[in-house]
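Enquirer: 3D, please:
(2 chains)
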Amino acid sequence: EAGVTQSPTHLIKTRGQQATLRCSPISGHTSVYWYQQALGLGLQFLLWYDEGEERNRGNFPPRFSGRQFPNYSSELNVNALELEDSALYLCASSLLGASGDTQYFGPGTRLTVL
Amino acid sequence: SQELEQSPQSLIVQEGKNLTINCTSSKTLYGLYWYKQKYGEGLIFLMMLQKGGEEKSHEKITAKLDEKKQQSSLHITASQPSHAGIYLCGADSSGGDADGLTFGKGTHLIIQP
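Expert: Predicted coordinates:
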């Protein structure tokens, strides 16, 4: 069974541009989560999508947004990129989106903002 | 908001030795997850603990949850080079819907041959 997949592996953008990151969950999983892992800040929760709806977001500005498609894959968009947006972005999926439901992570997309 | 403190921050252990990593929460734990990460890569799920006193093992790794102390420990027996990496504890503090997990800053484990 395929795990969570993310694309692209690496992304290089310049300040002010927009970045789009993609995630495909494990087959059968309906919940998708996005996390940011920036140097020195640890892993921080960004967004949670379930059944096509945004269910919760972490403490990030509105220029971080996304969506979930009918096939449960998801897209993270980061507008007006800033240097501090450089980080590893991790996507995770879970079966039900319920407390106690294990989140399985993808390999991540390394975003570099120049 | 919930905070998770991991200790130690880094650990250098000789191959074959045992080691323990701790994770302490500032709030009630509804679920505690342990993950392993190779630098710059995704997280590999190790195990999840939900009930106070629960203990789970997988191969040479054992995790325990002390609900009263709001603390979990991860113990590795007879460490091997394959155990090297960053160990992260994550917690679900919502008690209901699966909001995003809160993570500790990680413990960097180096295994010396």
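Enquirer: Please make it C-alpha for all contacts and neighbour counts, starting now.
Expert: Will do.
Enquirer: so B:Y33 makes contact with B:I44?
Expert: No - here B:Y33 lies out of contact with B:I44, judged by Cα atoms under 8 Å, at a distance of 10.7 Å.
Enquirer: doesn't B:S26 make contact with B:E3?
Expert: Yes - using Cα under 8 Å, B:E3 is in contact with B:S26, at 5.4 Å.
Enquirer: Those two - which one has more neighbours?
Expert: Neighbour count, other Cα atoms under 10 Å in any protein chain shown: between B:E3 and B:S26, B:E3 has more, with 16 against 13.
Enquirer: For the more buried one, list the residues it contacts.
Expert: B:25-27, B:102-104 (Cα atoms under 8 Å, 6 or more residues apart in numbering or on different chains).
Enquirer: and if we set it to 7 Å?
Expert: Listed by Cα atoms under 7 Å, 6 or more residues apart in numbering or on different chains, the contact partners of B:E3 are B:25-26.
Enquirer: just for chain B, where's the confidence low?
Expert: Chain B contains residues with pLDDT under 70 at B:93-99.
Enquirer: To what extent is A:F69 buried, counted in neighbours?
Expert: Applying other Cα under 10 Å, I find that A:F69 has 14 neighbouring residues.
Enquirer: same deal with B:K68?
Expert: 10.
Enquirer: Let me see the backbone angles for it.
Expert: Backbone torsions of B:K68, given as degrees, to the nearest 10, read phi -60, psi -40.
Enquirer: May I have stretch B:16-27 as PDB, with CA atoms only?
Expert: Provided in PDB are the C-alpha atoms of stretch B:16-27 (Å, rounded to 0.1, in the frame of the first residue of the first chain):
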ATOM      1  CA  GLY B  16      24.700  -1.800  22.300                       C
ATOM      2  CA  LYS B  17      23.800   0.500  25.200                       C
ATOM      3  CA  ASN B  18      20.300   1.300  26.400                       C
ATOM      4  CA  LEU B  19      18.800   4.800  26.400                       C
ATOM      5  CA  THR B  20      15.700   6.700  27.500                       C
ATOM      6  CA  ILE B  21      14.000   9.800  26.000                       C
ATOM      7  CA  ASN B  22      11.400  11.700  28.000                       C
ATOM      8  CA  CYS B  23       8.500  13.900  26.900                       C
ATOM      9  CA  THR B  24       6.500  16.000  29.300                       C
ATOM     10  CA  SER B  25       3.300  17.800  28.600                       C
ATOM     11  CA  SER B  26       2.100  21.100  30.100                       C
ATOM     12  CA  LYS B  27      -1.500  19.900  29.800                       C
END
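Enquirer: residue boundaries of the strands in chain A?
Expert: For chain A, the strands defined by DSSP state E occupy A:5-7, A:10-13, A:19-24, A:31-38, A:42-50, A:53-57, A:64-68, A:74-78, A:87-94, A:104-105, A:109-113.
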